[in-house]
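A.B. asks: Output the structure for:
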Amino acid sequence: MTPAADVANPKAVWRSLVDRSDDITGMGVRGDEIFLLSHKDAPTFKVLEMKAGGPLSAARTLVAAQPDRVIEKIAAASEALYVLARRGAYSQLLRIPAGSNQAEQVILPFEGHIDEAFADSRQPGITLVLSSWVVQPTTFRYDPSVQKFAALDIGHRGDMDAAAFKVSDLESKASDGVMVPLSLIQPKGAEGAQITLIEAYGSYGISNLADFSTRRAAAMRERVTYGIGHVRGGGEKSEAWRLGGKDANKHHTWEDLIACSEDLIARGITTKDKLFIIGGSAGGITMGRAMTEVPTCLRASSTWCRRPTRSAPSSRRMDRRTSRSLARSNTSGGSRTCTRWTRSST
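C.D. replies: Purely as a prediction, here's the structure:
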């Protein structure tokens, strides 16, 4: 940092505001106010506030960390600081008016996940991109003067009909008693045992969030019931959830997937002959171990990995031909690894 009056001076003395050891991952500026996103002693993140020119030690906590909420991003507008947070797979938008330290929740147009957000400290409001399991990405502008969102109709949204699906947020009990979140998307009106595909990953703290996916949509269009198991090793439930599926705890990752699979069978949503699992890259560990642990519980598994070249085609896309193949899979027999789905190379 340096005083604004000295910016053009080649002999200006610049002072470091933060370094890596300060655990700051995001920043917003409005006038002489600086907002910082920090995970120092806060695994789920907190927001700090300070005045320009002051030391980091003078920063105060504006939004405290909560164990069941992850703060992902901050954006400073002229009239407020906007805080993008998440509970599980779903986003929350918080607004802290200028001059206040009280956060108020802004109700989103629909339940989903905010993929991107932009604010200008010289202008009021915020622009964001929101999608969900069944709603394609939509760009909205929030106007604080009327407290409403307006769709900006940017780009082509496609023809996915959200009303054709039912979304349920379930929990499955793992073998050690931990409740594992399970998001389930079903064709509306589906009855009886359904062909069901469960996706899971469970590594590096990477979360399966409530974003729209063309891969999932390809299966959903064919009336395949689609589940997303938020297994340990991912970041859906903060750092502790990640560590719960790491190193000596790695077995929880596939055990959580098994719990989700057995739960859907117990609920009567599917049967072992209509249940499939899918995952890629490190998710292949989850798939493979689940398949070998309970080979009689699952119909088939699919894994994929990325090609090590820039020009590689998308290996994480399930095309409609593959989905139709899955939807037509109605033969009896034991579990198997379905290599016709596998897109992998060395």
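A.B. asks: quick one: stretch 21-35 to chain centroid distance?
C.D. replies: In terms of Cα atoms, centre = their mean, to the nearest Å, the centre of stretch 21-35 is found 24 Å from the chain centre.
A.B. asks: and for that stretch, what are the contacting residues?
C.D. replies: Outside stretch 21-35, the residues that touch it by Cβ atoms under 8 Å, 6 or more residues apart in numbering are 17-18, 36-40, 45, 47-53, 56, 62, 73-78, 81, 98, 119, 121. C-beta coordinates here come from the backbone N, C-alpha and C atoms, glycine included.
A.B. asks: and these, which are buried?
C.D. replies: Buried subset of the contacts of stretch 21-35 (neighbour count, 16 or more other Cβ atoms under 10 Å): 17-18, 36-39, 45, 47-50, 56, 62, 73-77, 81, 119.
A.B. asks: where along the chain do the helices fall?
C.D. replies: Under the criterion DSSP state H, helices of the chain are mapped to 214-221, 238-243, 251-266, 283-293, 320-328.
A.B. asks: Now the fourth one: buried residues?
C.D. replies: By that I understand helix 283-293. Those buried within helix 283-293 under the rule 16+ other Cβ under 10 Å are 283, 284, 285, 286, 287, 288, 289, 290, 291.
A.B. asks: From the centre of the protein outward, give me the first residue you hit.
C.D. replies: residue 209 (2.3 Å; Cα atoms, centre = their mean).
A.B. asks: Could you find the closest non-adjacent residue to that residue?
C.D. replies: residue 113 (4.4 Å; Cβ to Cβ, 6 or more residues apart in numbering).
A.B. asks: how close does the one you found sit to residue 128?
C.D. replies: Counting by Cβ to Cβ, to the nearest Å, the separation of residue 113 from residue 128 is 10 Å.
A.B. asks: One more: residue 18?
C.D. replies: From residue 18 to residue 128 the distance is 26 Å (Cβ to Cβ).
A.B. asks: now swap in residue 68 and tell me
C.D. replies: The value you get for residue 68 to residue 128, if Cβ to Cβ is used, is 22 Å.
A.B. asks: quick one, which of these two is more surrounded?
C.D. replies: residue 128 (24 against 9; other Cβ atoms under 10 Å).
A.B. asks: close enough to count as contact, that one and residue 137?
C.D. replies: No. Judged on Cβ atoms under 8 Å, residue 128 makes no contact with residue 137 at a distance of 10.3 Å.
A.B. asks: Can you dump the C-alpha atoms of stretch 11-28 in PDB for me?
C.D. replies: Provided in PDB are the C-alpha atoms of stretch 11-28 (Å, rounded to 0.1, in the frame of the first residue of the first chain):
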ATOM      1  CA  LYS A  11      10.100   6.700  -5.500                       C
ATOM      2  CA  ALA A  12       6.900   5.900  -3.600                       C
ATOM      3  CA  VAL A  13       7.300   3.600  -0.600                       C
ATOM      4  CA  TRP A  14       5.000   0.700  -0.900                       C
ATOM      5  CA  ARG A  15       4.100  -1.400   2.200                       C
ATOM      6  CA  SER A  16       2.800  -4.900   2.200                       C
ATOM      7  CA  LEU A  17      -0.800  -5.200   3.500                       C
ATOM      8  CA  VAL A  18      -0.900  -9.000   3.800                       C
ATOM      9  CA  ASP A  19       1.200 -12.000   3.000                       C
ATOM     10  CA  ARG A  20       0.500 -15.700   2.600                       C
ATOM     11  CA  SER A  21       0.700 -16.400   6.300                       C
ATOM     12  CA  ASP A  22      -2.200 -14.100   7.000                       C
ATOM     13  CA  ASP A  23      -4.600 -16.600   5.300                       C
ATOM     14  CA  ILE A  24      -6.400 -13.900   3.300                       C
ATOM     15  CA  THR A  25      -8.000 -15.200   0.100                       C
ATOM     16  CA  GLY A  26     -10.200 -12.300  -1.000                       C
ATOM     17  CA  MET A  27     -10.500  -8.500  -0.800                       C
ATOM     18  CA  GLY A  28     -13.000  -5.700  -1.500                       C
END
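A.B. asks: Mind listing what's buried along it?
C.D. replies: Here stretch 11-28 shows 17, 18, 22, 24, 26, 28 as buried, counting by 16+ other Cβ under 10 Å.
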